[in-house]
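> with the input below, show me the fold.
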Amino acid sequence: MLNKSSIIVDKVWNYCNVLRDDGVSYGDYVEQLTYLIFLKMADEQTKPPFNKSSIIIPGLDWQSLLERDGDALEVHYRHILIELGKQKGMLGIIFRKAQNKIQDPAKLKRLIMLINEETWVGLDIDVKGDIYEGLLQKNAEDSKSGAGQYFTPRSLIKTIVEVMQPELEMKIYDPACGTGGFLLAAHDYISKIYNLDKEQKKNLKFNTLFGKDIVDGVARLCVMNLYLHGIGGEESPIEVGDSLSADPGDRFEMVLTNPPFGKKSSITIMNSEGKADKQSLVYERPDFWATTSNKQLNFLQHVKTTLAINGKAAIVLPDNVLFEGGAGETVRRKLLHECDVHTLLRLPTGIFYASGVKANVLFFDRKPASEEPWSENLWIYDLRTNKHFTLKQNPMNYEDLKDFIKCYYPKNRRERKETERFKVFTYDELIQRESTNLDIFWLKDESLEDFENLPNPVVLARDIIEDLETALEQFSDLYEDLDGEK
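Residues are numbered from 1 along each chain as shown. Sure, this is the predicted structure:
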């Protein structure tokens, strides 16, 4: 027998498929659900037993949608989205630049009635959260939407949070928060580890978790995701904007983040002929060690800036950050000296929705100024060599990461022991490597020795293209630097 949550999930998904036949993508559907469920929940808050004042402007509320049909409904719904997008706080974030993507008034009415059949505030937080997380994952799986870059595998997020061990009273930040996976996992971890009293629950809800994202639509999904999980209030914990544009001023005890893929920051400009052109975006910041258009290096520097002294960070980074020369070498040397860079997790391919990504998780703690380098040992866990995962047939799950958690030994990192996949490298060894290259391997790749089990030619070709693109980018950066010195 199906429970209530399963019935609701089935209803939500079935109607999603109806709208997809009409050309409404998963992303559009999730956005429309976000607007409508929020309006319905706000309406429920005004009724017994809550009896709260409405945060929605009179005449733009849920009841005003129920009273209309046909073209009048569609026109009024568009009016609601525009007006609420002008508001401050959570309302402004959720409805910012909102548009109606369901043009058929009859289908819009059906979706409104579908949502109206349920008492959403009465639903268990886990149920609401599971429904929404499921929608976000489906949206990420839809390759046409491009939303996969904002969705980090939940098994990886859970693992990172488990070894980072967020604590009560910490301020936790994600400067590229996507749909809020890291913030939700930190919230769940703290909720389960500690027996929270009423005041601590309130602090966790309003004063612990913070994020920022440059994309309006993604920030809206994040705010709603947190809201449905009981996080945040009328003031949004999420900002919309470019995290890299400036030092935010705030400092955090923990930063957990997976910046968007893509090596370069750029802006689109129109040339004199009216054609779109891309121009590298270089951030000139006094708190940065190196000036570069490499987005990943900039995020790494930004994370270091936002950490409080003795604050802890975990950041997902592509391979090029480990070996790139020039600005890359400068950043690595500075990071090893000024922070305790203690752990690197080499991730396998096939776990992200953006194909061909070679990524790692770098763990480090910010330390006070010192003449002596803070990094003594970097422990590297190789989860890539001879590991083969795919998103659907063989997805990476939490069980695949348990050995890393065991080796990380969060209780006392000084008692770590080397294993076949977990090796330690001293500061002196690292600093003596050419360009302070941290792209270190020691396991034999069985596929390179067994010609019958070579990777798919498409995978090999993609790897070659990625390596060539990285080399070309480095030559291009070098050319720009030399040209600028003329």
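> list the strands paired with the strand ranked longest in the chain, with their directions.
Longest strand in the chain, counting residues (DSSP state E): strand 307-318. Strand 307-318 pairs in its sheet with strand 252-257 (parallel), strand 359-366 (antiparallel), by DSSP bridges.
> quick one: stretch 16-31 to chain centroid distance?
23 Å (CA atoms, centre = their mean, to the nearest Å).
> how about low-confidence regions in the stretch 251-400 of the chain?
For the stretch 251-400 of the chain, the stretches with pLDDT under 70 are 262-280, 353-356.
> returning to what we had before: the following helix or strand past the longest strand of the chain - contacts with which helices or strands?
Moving toward the C-terminus from strand 307-318, the next helix or strand (DSSP states H and E) is helix 320-323. Using 3 or more CB pairs under 8 Å, 6 or more residues apart in numbering; DSSP states H and E, the elements in contact with helix 320-323 are helix 295-306, helix 327-338, strand 359-366. For the C-beta atoms, the positions are set from N, CA and C on the backbone; glycine is no exception.
> winner for burial among the ones you listed?
The highest average neighbour count among the helices and strands packed on helix 320-323, using mean count of other CB atoms under 10 Å, belongs to helix 295-306 at a mean of 24.
> and that one with strand 252-257, angle?
160 degrees (axes from the mean of the first three to the mean of the last three CA atoms, to 10 degrees).
> and helix 295-306, what other elements does it pack with?
strand 252-257, strand 307-318, helix 320-323, helix 327-338, strand 359-366.
> dump the ones you listed to JSON lines, plus distance to H187.
Shown next, in JSON lines, are the helices and strands packed on helix 295-306 (distance: least, CB to CB, whole Å):
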{"stretch": "strand 252-257", "distance to H187": "11"}
{"stretch": "strand 307-318", "distance to H187": "16"}
{"stretch": "helix 320-323", "distance to H187": "28"}
{"stretch": "helix 327-338", "distance to H187": "28"}
{"stretch": "strand 359-366", "distance to H187": "20"}
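> so which of those is nearest A219?
When those are compared by CB to CB, strand 252-257 sits nearest A219, at 14.5 Å.
> return the distance of the closest one from the chain's centre.
13 Å.
> ok so, going back, mind listing what's buried in the longest strand of the chain?
L307, G311, K312, A313, A314, I315, V316, L317, P318 (16 or more other CB atoms under 10 Å).
> mind listing the helices for the stretch 101-250 of the chain?
Here the stretch 101-250 of the chain has its helices, by DSSP state H, counting those that start in this stretch, at 105-116, 125-141, 154-164, 181-193, 198-206, 216-228.
> for Y398, which of these is the nearest?
Nearest to Y398, of all the helices of the stretch 101-250 of the chain, is helix 154-164, at 4.5 Å by CB to CB.
> which parts of the closest one are buried?
Quick answer for helix 154-164 (16+ other CB under 10 Å): S155, L156, I157, K158, T159, I160, V161, E162, V163, M164.
> residues contacting the third one?
For I157, the contacting residues are G181, F182, A185, by CB atoms under 8 Å, 6 or more residues apart in numbering.
> need these in TSV (columns: pLDDT, neighbour count and distance to L443).
Formatted as TSV, the contacts of I157 follow (pLDDT from 0 to 100; neighbours: other CB atoms under 10 Å; distance: CB to CB, whole Å):
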residue	pLDDT	neighbour count	distance to L443
G181	91	26	29
F182	96	30	29
A185	94	22	29
